[in-house]
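Undergrad: below are the sequence and a predicted model for it; my questions follow.
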Amino acid sequence: MMDGRETVDLTGEEFYDEDDLEELEEPDGLDGPDGAGGIDGARSARGGAGDPHVPGGERLHKVLAHAGVASRRACEGLIAAGRVSVDGAVVTDQGVRVDPAAQVIRVDGSRIVTDPDVLTVVLHKPAGVVTTMADPDGRPTVADFARRYLDEHAGDLARPDAVRLVHVGRLDTDTEGLLLLSNDGELAHRLMHPGYEIPKTYVAIVKGRVEPWAARKLRRGIELEDGPARADRVTIKDSGPAGSIVEITLHSGRNRIVRRMLDAVGHPVTRLVRTRLGPLGIGGLGPGRMRRLSGGEIAALQREVGL
């Protein structure tokens, strides 16, 4: 629920209802005879300062439907209810046209990604891959995966040659797991900003049997060489004389923080995988595999960082 209203499911697919089927064959130009009638005839030009209407743009309800917000009919209802804003101005006029690549569109305050060339991809980074866009020693980098994704999905992009994905945050070379690649500058900035640190979950395989006292100590906080560190949650998944499996969640993004914390309680890490970033989980995505985030996943990340 948002402010007591029905929550919009921001999934990543385009919706259609029965009333949309005829519209699919319509040109996106003027509706009336000779281009003079209908709602577009009344909105042939901008209405002045604060009016987000773009002559020759796309109908707002179509843009919302293409972005996976809801069916076109439902999007018309969202507009009529005053739940949609464009560039900060609430829009209730069904005739408004917009430029989805240049304007900021929100539903119930949540930003809607409407430019097909703005994308965020989740990568299961394999161990041994360097989180950098170039490596002077010739080691494999996440940039190799970014280029591969764009090559494989060029047909989904309007301007594939202009799209460049960069890593959002980083993982140590020996650490594997969930890493985002994106060209959504605002979202990436928030996700990396210290003021918006979101919880990160790791699964670690460590040496030795981890006793409950060690988990309690990690939750209470320990002193490291660069200051105190504390885990939000520590779960011992399995433990034995030869080694243990520990799941640890924390907000800090300091360098090698999980490895240093576990080492400080006597359990050096032999393998480390990041499995969650805020509301986003890696699921069954295997090492080296990638997929584009859905509209719902983007919306959840945006809420996490106040977008």
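TA: That came in fine, so what should we check first? Numbering: from 1, shown residues only.
Undergrad: Three-state assignment for the closest residue to Val265 other than its chain neighbours, please.
TA: Excluding its sequence neighbours, the residue lying closest to Val265 (CB to CB, 6 or more residues apart in numbering) is Ala214, at 4.4 Å. All C-beta spots, glycine's among them, are computed from the backbone N, C-alpha and C. Put simply, Ala214 is helix when judged by DSSP: H, G, I helix; E, B strand; the rest coil.
Undergrad: so who does Ala214 touch?
TA: For Ala214, the contacting residues are Val265, Gly266, His267, by CB atoms under 8 Å, 6 or more residues apart in numbering.
Undergrad: and the residues you listed, which are buried?
TA: For the contacts of Ala214, a neighbour count by 16 or more other CB atoms under 10 Å gives the buried set as Val265, His267.
Undergrad: would you list the contacts of Ala214 in CSV and tack on pLDDT, secondary structure and distance to Leu181?
TA: Shown next, in CSV, are the contacts of Ala214 (pLDDT from 0 to 100; DSSP: H, G, I helix; E, B strand; the rest coil; distance: CB to CB, whole Å):
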residue, pLDDT, secondary structure, distance to Leu181
Val265, 96, coil, 33
Gly266, 96, coil, 36
His267, 97, coil, 32
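Undergrad: for the contacts of Ala214, which one is nearest Thr141?
TA: For these, the residue nearest Thr141 by CB to CB is His267; the value is 29.9 Å.
Undergrad: distance of the closest residue to the closest one other than its chain neighbours relative to Asp263?
TA: Spatially, and ignoring its direct neighbours in sequence, His267 is nearest to Val206 (3.9 Å; CB to CB, 6+ apart). Val206 is 9 Å from Asp263, where distance means CB to CB, to the nearest Å.
Undergrad: so what sits against both of these two?
TA: With CB under 8 Å, 6+ apart, Val206 and Asp263 have common neighbours Val269.
Undergrad: who's more crowded, these two?
TA: The residue with more neighbours, out of Val206 and Asp263, is Val206; 23 against 15, by other CB atoms under 10 Å.
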